[in-house]
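Q: Next one to model:
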Amino acid sequence: MALIVAHVVVGIWLRRPMPIVGLAMVSWLVCRGRAVVLICIAGGFLGVFVSNASWAAVHPRHLGQFSGRACLIADPAPQNGAIAVVFQIEGQRFQTWARGSAARRIRDHLSGECADVNGRRRQLSPSEAHRSAIRHVVGAFDVTVVGDWDEGSAVGRASNRIRRLFATGASVLRPPDDSLFGGLVIGDDRNEPTTMIDQFRASGLSHLTAVSGQNVAFVISAASPLLRRLRPWMRWLTTVGLIGWFAALTRFEPSVLRASFMAVIAATGFVFGREKPPERVLALAVGMLVLIDPLLVWSVGFWLSVGATAGVVLLATRLAAALPGPRWLAEPAGVSLAAQAGIAPISLLVFGTLPIVSLPANLLAVPVAGFVMLYGLPAGLVAGGVGGTVANVIQMPCALGTRWVAVVAALGSRLEPPPPWAAVGWCVVVGFVGARVVNRWLRPPPAERTPR
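A: So this is what the prediction gives:
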């Protein structure tokens, strides 16, 4: 399964069929199965086809003046003194940076809502075009007039009501913890200050504000008392519907798409009585996602999510068994090390850094952030509904947990050593863990005692 998905991804990445044949020859040496190699070649060619089709679709069909209906594809976010949004116009996406009266007319609206607009569609600069195309954005739209709004589709109205109610509940927390709370629970980090973003990035905690498998698992766990009472097929339908609702609520970010597909595949295997190992579920989810949206192959957030999950699935148990100390400490340390190993190639290639302080920072922040994720969604909705002093009482655990995570990120960013010393630190960690693993492998099994 991993070989087949690798061929699909390489085909999408290269967009040329010939290298697929060479990769298939390597696969022949690995698996020695003719059928698997033929499927790999077919998957690679399919990847080439869907990739070329996707890139052909990210060119604007029409440019120039436009007056008509446009719908928001992303929630408005402040950016460099403007409001950054993506409008869908005549079936294509256009990036907009609104200022002045247009910005004031857009600021309070959410994804899925539509308005009468007037403006001009134009090409993006070459430096922006490729980066924007990954999000299916084909050009820029210089908006001049924003008219009347409507609430969009039924699904959009439902998710936006929840987000607005949650935002009301989050406003009980003091700034900037209110924006961090939104990022932890539903991935809404639009209003996080630049300083906080830099601190989370420098301390290796930025993954906490990107909704992923942990959030999806907490949502399913919160609903498990109801799900257990349902018959298998009704449980499956309810689970899939709940996952889809949460994905819509969190705006279908790449990380939540990966987690949602894995959850749906796992739930489907459970209802059929054919549960798959997690590494196969991950491979299936990645293969399905990149065929549905080939441009995900160029998404750094998607690969960080996949890499972290692969590291945890493949290495966490082994590393936890090799680490010294009590199990309550070794197991989360193993998970943190495994996730860092999974994202290390991507982080080093793209960002040129891998914070060494992320290991203790994750051990301190992740358990508390997990509590905020689990408790925060129902608490935020209830607090948004009741308001007043009761809302402050309900949100007090979230306020304390969010402040703790923010303090850990701030301290971690200050304690992160310069790159040369960080590299030395990673060498020490890898050497120590590697020695423990090798020692565990070479240690002879305990001799069985012969009963007297």
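Q: quick one: contacts of stretch 362-369?
A: For stretch 362-369, the external contacting residues (Cβ atoms under 8 Å, 6 or more residues apart in numbering) are 184, 204-205, 208, 329, 332-333, 336, 339, 401, 404-405, 408-409. Quick note: C-beta positions are derived from backbone N, CA and C, even for glycine.
Q: 6 Å instead?
A: Under the criterion Cβ atoms under 6 Å, 6 or more residues apart in numbering, residues 184, 205, 208, 332, 336, 401, 404-405, 408 lie in contact with stretch 362-369.
Q: Kindly report the same for stretch 226-233.
A: Contacts for stretch 226-233 (Cβ under 6 Å, 6+ apart): 235, 271.
Q: change it to 7 Å
A: 235, 238-239, 271 (Cβ atoms under 7 Å, 6 or more residues apart in numbering).
Q: next helix or strand past the helix or strand of the chain with the lowest mean pLDDT?
A: Least confident helix or strand, the chain: helix 18-31 with a mean of 70, by mean pLDDT, DSSP states H and E. Moving toward the C-terminus from helix 18-31, the first helix or strand encountered (DSSP states H and E) is helix 34-56.
Q: I'd like the mean pLDDT over that following helix, please.
A: For helix 34-56, the mean pLDDT works out to 86.
Q: Show me what the following helix or strand past that helix is packed against.
A: Proceeding N to C from helix 34-56, the next assigned helix or strand is strand 64-72, under DSSP H and E. With contacts taken as 3 or more Cβ pairs under 7 Å, 6 or more residues apart in numbering; DSSP states H and E, strand 64-72 sits against strand 82-89, strand 114-122.
Q: Stretch 141-150: which residues count as buried?
A: Neighbour-count burial for stretch 141-150 flags 141, 143, 146 (criterion: 16 or more other Cβ atoms under 10 Å).
Q: rewinding a little: report the buried members of the contacts of stretch 362-369.
A: Among the contacts of stretch 362-369, those that count as buried by neighbour count (16+ other Cβ under 10 Å) are 184, 205, 208, 332, 336, 401, 404-405, 408.
Q: Please flag which of these sit within helices.
A: Assigned to helices by DSSP state H, the following of the buried ones among the contacts of stretch 362-369 qualify: 184, 332, 336, 401, 404-405, 408.
Q: which two in the residues you listed are spaced the farthest apart?
A: Greatest spatial distance among these (Cβ to Cβ): S336 and G401, at 18.6 Å.
Q: Which pLDDT value goes with the nearest residue to I343 once chain neighbours are set aside?
A: Closest residue in space to I343, ignoring its immediate chain neighbours: G307 at 4.5 Å, by Cβ to Cβ, 6 or more residues apart in numbering. We note a pLDDT of 92 for G307 in this prediction.
Q: Near G307, how many other residues are there?
A: As a burial measure, the neighbour count of G307 was computed by other Cβ atoms under 10 Å and equals 19.
Q: ok, back up a step: could the buried residues of stretch 141-150 go into CSV alongside distance to A154, pLDDT and secondary structure?
A: Conversion of the buried residues of stretch 141-150 to CSV gives the following (distance: Cβ to Cβ, whole Å; pLDDT from 0 to 100; DSSP: H, G, I helix; E, B strand; the rest coil):
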residue, distance to A154, pLDDT, secondary structure
F141, 26, 95, strand
V143, 26, 94, strand
V146, 23, 94, strand
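Q: quick one: which of those is nearest V312?
A: F141 (40.6 Å).
Q: Who are the contact partners of the closest one?
A: Applying Cβ under 7 Å, 6+ apart, we find F141 in contact with 87, 89, 94-96, 119, 121.
Q: That one - nearest residue in space that isn't next to it in sequence?
A: In space, F141 comes closest to F94 once its chain neighbours are excluded; the distance is 3.7 Å by Cβ to Cβ, 6+ apart.
Q: Mind checking which of the contacts of stretch 226-233 are buried?
A: By neighbour count, with 16+ other Cβ under 10 Å, those hold 235, 239, 271 as buried.
Q: just to revisit the earlier point, mind checking how far the residue nearest to F141 is from W233?
A: According to Cβ to Cβ, to the nearest Å, F94 and W233 sit 42 Å apart.
Q: Could you do A35 as well?
A: Noted for A35: a distance of 33 Å to W233, by Cβ to Cβ.
Q: just to revisit the earlier point, can you pull up the bridge partners for the residue nearest to F141?
A: Under DSSP bridges, the beta-bridge partners of F94 are F87, G139.
Q: which residues does it contact?
A: Contact partners of F94, counting by Cβ under 7 Å, 6+ apart, are 86-87, 121, 137-141.
Q: Let me know the closest of those to C71.
A: Among those, F87 lies closest to C71 (Cβ to Cβ), at 6.8 Å.
Q: how deep is the closest one tucked in, by neighbour count?
A: Taking other Cβ under 10 Å as the neighbour definition, F87 ends up with a count of 26.
Q: G68 is in contact with that one, correct?
A: No: with contacts defined as Cβ atoms under 7 Å, F87 does not count as touching G68, sitting 10.8 Å away.
Q: picking that back up, check the buried ones among the contacts of stretch 362-369 and tell me the two furthest apart.
A: The most distant members of these, if one measures by Cβ to Cβ, are S336 and G401, lying 18.6 Å apart.
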